[in-house]
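In: quick one, fold the following:
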Amino acid sequence: MSSITVVSKTIQTFADLLQIEIAYFDPNGVLTVSTEEYKLKKGNRVHLPFFQKQFEYPDNFVKKPGHMSICLGCHFQKKCPSTAEIVLSIVRHGKHYGYLSFVSFSQDGQEKLIDRQKEYSYWMSQLSDIIVGILQVIDNFESIFPPKKEKTEYILGSSYKLEKLKENIKNIKNSSSSIFITGETGTGKSLLAKLIHEQSMFRKGDFVEINCSSIPETLFESELFGYEEGAFTGARKKGKPGFFELADRGTLFLDEMGDLPIHLQPKLLKVLQDGMVRRIGGTHSKKVNVRIIAATNQPLDKLIDSKQFRSDLYYRLNVIPFHLPPLRERKEDLEDLLEILMDKLQMRTGKFIQTYNKDFLKRLKQYHWPGNIRELENVIEYSMNMERSMELTASSLPDFLCDLNANIQPIQREQAVLKESEKDVIKQKLAQYGYDYVGKMQAAKDLGLSVRTLYRKIEKLGIAIPVK
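Out: Numbering: from 1, shown residues only. Next comes the predicted model:
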């Protein structure tokens, strides 16, 4: 007998004894077991944000289902069939085993739940202990409910270019070399810099970010290097540490590097070369250990030619170059991005929408995305605000995405070229290492992919495997 079957029988026994409807959800908020009345009234679709936002509390009592702040965006909002509900998050020794819900669908049941709340909370605790015991004894918990794939808020996607980039980041986790990130506006250069920091040996220190285009030129030197008391009119008493000092033993991210004033570039170069910082008005230098990551969306070679950027500083910064491709070159990442952005925007929009239909995704893939991920986030936020159902549909998209017929053909041609390019690279690697599993493992390693992702791409791109 499986563990889920035993859990189901146990829940039904408790429901009969307590005269209450009961439902059990796995750690991902998926309905696993429930009484028949619960399924009949509420079905399998549940309002996940209630669990997601409240799971850290011992239990939650819902007195007015459908009319509370946690009900915003639920398809049962203002018309919930339940009259009262107690939800318990099951956590034992730091491990999350899911959620248990005691529900009433009648006026009498509502009064009973309210009047005997402590008693029902006690029995919920007892039932949750039994469920945990069943899952631990009969079967391995993780094999029943594998943990949801962890999402990263930083660099998103599983396209070839992104997988290769993530693999390169792992290769430099013990390095202190300077990094230079290039990419169009909105591609996520700042997020990539944070990811590099968190996977590096500098992660215990601070991540200090400077936008070189937003600091007035007259203040830039004092912000970057700091100043001593009395260094200039208006200087703070006791002085002020600069960004280099604040980032000591951590990472200093210089965004929009092309806007760094030309007269400060030699001073920055000197700090990078000897690791010593002197505050304005100071008489001694301080040793700092800082990992530098710089980024720009400008063509620095042209700035160097026009004498707006020093070539020696560029070469000192550009030890490890990374390029973030624009969204139009990796549209296969749209689905990953959609999931992350929908989760991120739930509280901002008050709409707890977690799915989208095929037509919605098709329209996104047809668009060229000149504003990259930043533009995509704006579009998703707009659609979540406008959508009236529990999934995003094409009707909720902004007007400029509703009629894309004029753009479909050139975009399809571009996608075909990119697809063929990726296909050729994979075919070359397979021809080099062989078509058996060992060869595919080596090819995947070279390409910065998992073997599973390589198999998926072989099938998707229609790559023929020779038969022995």
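In: domain assignment for the chain?
Out: Each structural domain of the chain that the record assigns through automatic domain parsing is listed here as a residue range: 3-144, 160-323, 328-403, 409-461.
In: what sits against Cys212?
Out: Applying CB atoms under 8 Å, 6 or more residues apart in numbering, one finds that Cys212 lies in contact with 220, 254-260. No exception for glycine: its C-beta is placed from N, CA and C like everyone else's.
In: now that we have those residues, which one has the most neighbours?
Out: Each of the contacts of Cys212 was scored by neighbours using other CB atoms under 10 Å; the highest score is Met257's, at 27 neighbours.
In: confirm for me that that residue is in contact with Leu317.
Out: Yes: shown here, Met257 and Leu317 form a contact pair, counting by CB atoms under 8 Å, at 7.2 Å.
In: common neighbours of these two, please.
Out: If you check Met257 and Leu317 against CB under 8 Å, 6+ apart, the residues they both contact are 180, 294.
In: ok, which stretches of the stretch 251-400 of the chain are strands?
Out: Secondary structure of the stretch 251-400 of the chain (DSSP state E, counting those that start in this stretch): strands located at 251-255, 276-277, 286-287, 291-296, 320-323, 355-356, 391-392.
In: could you dump the ones you listed to TSV with mean pLDDT?
Out: As requested, the strands of the stretch 251-400 of the chain are exported to TSV (pLDDT from 0 to 100):
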stretch	mean pLDDT
strand 251-255	95
strand 276-277	93
strand 286-287	93
strand 291-296	95
strand 320-323	94
strand 355-356	88
strand 391-392	90
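In: between the ones you listed, which one is nearest to Gln117?
Out: For Gln117, the closest of those is strand 355-356, at 33.9 Å, according to CB to CB.
In: who does the closest one touch, helix- and strand-wise?
Out: Counting contacts by 3 or more CB pairs under 8 Å, 6 or more residues apart in numbering; DSSP states H and E, the secondary-structure elements packed against strand 355-356 are strand 391-392.
In: list the helices and strands the strand it packs on packs on?
Out: Using 3+ CB pairs under 8 Å, 6+ apart: strand 391-392 touches strand 355-356, helix 372-386.
In: partners of that strand, with directions?
Out: strand 355-356 (parallel) (DSSP bridges).
In: list of residues touching the strand it pairs with?
Out: Contacts to strand 355-356, defined as CB under 8 Å, 6+ apart, come from residues 338, 342, 390-393.
In: the residue lying closest to Arg388 once chain neighbours are set aside - how many residues pack around it?
Out: For Arg388, ignoring the flanking residues on the chain, the nearest one in space by CB to CB, 6 or more residues apart in numbering is Ser396 at 7.9 Å. Other residues within reach of Ser396, judged by other CB under 10 Å, total 22.
In: likewise the one 3 residues further on?
Out: Applying the criterion other CB under 10 Å, we find 6 residues in the vicinity of Asp399.
In: and which of the contacts of Cys212 is nearest to Ser8?
Out: The shortest distance between Ser8 and any of the contacts of Cys212, using CB to CB, involves Asp255 and amounts to 54.4 Å.
In: pick out the shakiest of the domains of the chain, pLDDT-wise.
Out: In terms of mean pLDDT, the lowest-scoring of the domains of the chain is domain 409-461 (a mean of 74).
In: these two touch, right, Gln442 and Tyr433?
Out: Yes: the criterion here is CB under 8 Å, and Gln442 meets it with Tyr433 at 4.3 Å.
In: just list the residues touching the nearest residue to Lys307 once chain neighbours are set aside, thanks.
Out: Once flanking residues are discounted, Lys307 sits nearest to Ile262: 7.8 Å by CB to CB, 6+ apart. Contacts of Ile262 were listed using CB under 8 Å, 6+ apart, and they are 307-310.
In: would you reformat the residues you listed as a markdown table and include distance to Pro65 and neighbour count?
Out: Formatted as a markdown table, the entries for the contacts of Ile262 read as follows, by distance: CB to CB, whole Å; neighbours: other CB atoms under 10 Å:
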| residue | distance to Pro65 | neighbour count |
| --- | --- | --- |
| Lys307 | 68 | 9 |
| Gln308 | 62 | 16 |
| Phe309 | 61 | 21 |
| Arg310 | 65 | 17 |
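In: tell me the one of those residues nearest Thr283?
Out: Arg310 (27.3 Å).
In: list the contacts for the nearest residue to the closest one once chain neighbours are set aside?
Out: On the basis of CB to CB, 6+ apart, the spatially nearest residue to Arg310 that is not a chain neighbour turns out to be Gln265, at 4.7 Å. Applying CB under 8 Å, 6+ apart to Gln265 gives the contacts 309-310, 313.
In: among the residues you listed, which lie within helices?
Out: Counting by DSSP state H, these place Leu313 in helices.
In: who touches Val451 in this structure?
Out: Residues in contact with Val451 (CB under 8 Å, 6+ apart) are 437, 440-441, 444.
In: now, of these, which are buried?
Out: For the contacts of Val451, a neighbour count by 16 or more other CB atoms under 10 Å gives the buried set as 440, 444.
In: now the contacts of Val451 as JSON lines including secondary structure and distance to Leu303?
Out: Formatted as JSON lines, the contacts of Val451 follow (DSSP: H, G, I helix; E, B strand; the rest coil; distance: CB to CB, whole Å):
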{"residue": "Tyr437", "secondary structure": "helix", "distance to Leu303": "49"}
{"residue": "Lys440", "secondary structure": "helix", "distance to Leu303": "44"}
{"residue": "Met441", "secondary structure": "helix", "distance to Leu303": "43"}
{"residue": "Ala444", "secondary structure": "helix", "distance to Leu303": "39"}
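In: greatest separation within the contacts of Val451: which pair is it?
Out: Among those, Tyr437 and Ala444 lie farthest apart (CB to CB), at 10.3 Å.
In: Gly29: neighbour count?
Out: Neighbours of Gly29 under the rule other CB under 10 Å: 18.
In: what is the nearest of the contacts of Ile262 to Pro321?
Out: Distance from Pro321 was checked for each of these by CB to CB. The minimum falls on Phe309, at 15.4 Å.
In: let me see the contact set for the closest residue in space to Val91 that isn't next to it in sequence.
Out: Ranked by CB to CB, 6+ apart and with sequence neighbours excluded, the top spatial neighbour of Val91 is Tyr97, at 7.1 Å. By CB under 8 Å, 6+ apart, the contact list for Tyr97 reads 27, 90-91, 128, 131-132, 135, 141.
In: which helix or strand contains Tyr97?
Out: Using DSSP states H and E, the secondary-structure element containing Tyr97 is strand 95-104.
In: can you name every helix or strand that the helix or strand where Gln12 lies contacts?
Out: The secondary structure element spanning Gln12 is helix 3-18 (assigned by DSSP H and E). Using 3+ CB pairs under 8 Å, 6+ apart as the contact test, the elements touching helix 3-18 are strand 21-25, strand 31-34, helix 117-138.
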